[in-house]
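J.: Quick one: sequence plus predicted model below, questions after.
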Amino acid sequence: GQNIDQPTEMTATEGAIVQINCTYQTSGFNGLFWYQQHAGEAPTFLSYNVLDGLEEKGRFSSFLSRSKGYSYLLLKELQMKDSASYLCAVPNYGGATNKLIFGTGTLLAVQP
Amino acid sequence: EPEVTQTPSHQVTQMGQEVILRCVPISNHLYFYWYRQILGQKVEFLVSFYNNEISEKSEIFDDQFSVERPDGSNFTLKIRSTKLEDSAMYFCATRDFVKETQYFGPGTRLLVL
């Protein structure tokens, strides 16, 4: 089976850096996704990590350690618009079409 | 940039009624998915569709649910007899043959009264 854990809520200050962690247990591994979801809206793709290490994309970076079953999303120079839920998700290994298994999401509140 | 679109954005229906939710996938995508998200809960997989047939479905996707691609472009989710607990946001997602990334539509908010 698959299990994904991430903190429920986090608070950070505008202009600061925040790290959102995700741990997973899977029977196999086919990469890890981070999505951003604003309230009442669809998940939007942020990153996909397959190999170990840090991938940087503008203000957002994502890190993966396959041996530890661990990933984090790093948000720099926080802006108020970054207030959203951040969803960690893994494709279902061995499934016919790699459905995504989502964590509960981390609700990030950015304060002035 | 191509997008997944969904209609309607909101639907209110009476318990026991049928609803059809529609999705237009990104044009070169071949894998289609429906997910739902009950308010305050995680995104849950319902069903995946490839090559004009269901590839995988979850326990939630019982006999009251069906999917089809009626005209080669739209991808629909039908709920035959809605229940109160079907109230949720329903997202369509699609991806191409090579890349794993799924792109989500804006969702349909379904409210069953």
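T.: Great, that's in hand.

J.: Low-confidence regions, chain A specifically.
T.: Scanning chain A for pLDDT under 70 picks out A:1, A:93-96.

J.: What residues does it have near chain B?
T.: A:30-31, A:33, A:35, A:40-45, A:48, A:87, A:89, A:91-92, A:95-105 (CB under 8 Å from any CB of the partner chain). Any C-beta I mention is one placed from the backbone N, CA and C, and that applies to glycine too.

J.: Restricted to buried residues, select the residues you listed in ChimeraX.
T.: Those of the residues of chain A next to chain B that count as buried under 16 or more other CB atoms under 10 Å in any protein chain shown are selected in ChimeraX with:
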select /A:31,33,35,42,43,48,87,89,91,92,95,97,98,99,100,101,102,103,104,105
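
J.: backbone phi and psi for the nearest residue to B:Y103 once chain neighbours are set aside, please?
T.: Leaving out its chain neighbours, the residue that sits closest to B:Y103 by CB to CB, 6 or more residues apart in numbering or on different chains is B:V4, at 5.5 Å. In terms of degrees, to the nearest 10, the main-chain angles of B:V4 are phi -80, psi 130.

J.: Could you check the pLDDT of B:V4?
T.: Note for B:V4: predicted pLDDT of 95.

J.: Report the buried residues of stretch A:13-31.
T.: Buried, per 16+ other CB under 10 Å, within stretch A:13-31: A:V18, A:I20, A:C22, A:T23, A:Y24, A:T26, A:G31.

J.: Was I right to think the residue nearest to B:Y103 contacts B:G107?
T.: No. With contact defined as CB atoms under 8 Å, B:V4 does not count as touching B:G107 (9.9 Å).

J.: before we move on, what SS does B:L21 have?
T.: strand (DSSP: H, G, I helix; E, B strand; the rest coil).

J.: hmm, I was thinking of B:E3
T.: Following three-state DSSP, the label given to B:E3 is coil.

J.: count of residues packed around it?
T.: Neighbour count of B:E3, defined by other CB atoms under 10 Å in any protein chain shown: 13.

J.: gap between it and B:F104?
T.: In this view, B:E3 and B:F104 are 10 Å apart by CB to CB, to the nearest Å.

J.: go on, A:L78?
T.: As judged by CB to CB, A:L78 and B:F104 stand 24 Å apart.

J.: B:R36 too?
T.: For B:R36, the distance to B:F104 (CB to CB) stands at 12 Å.
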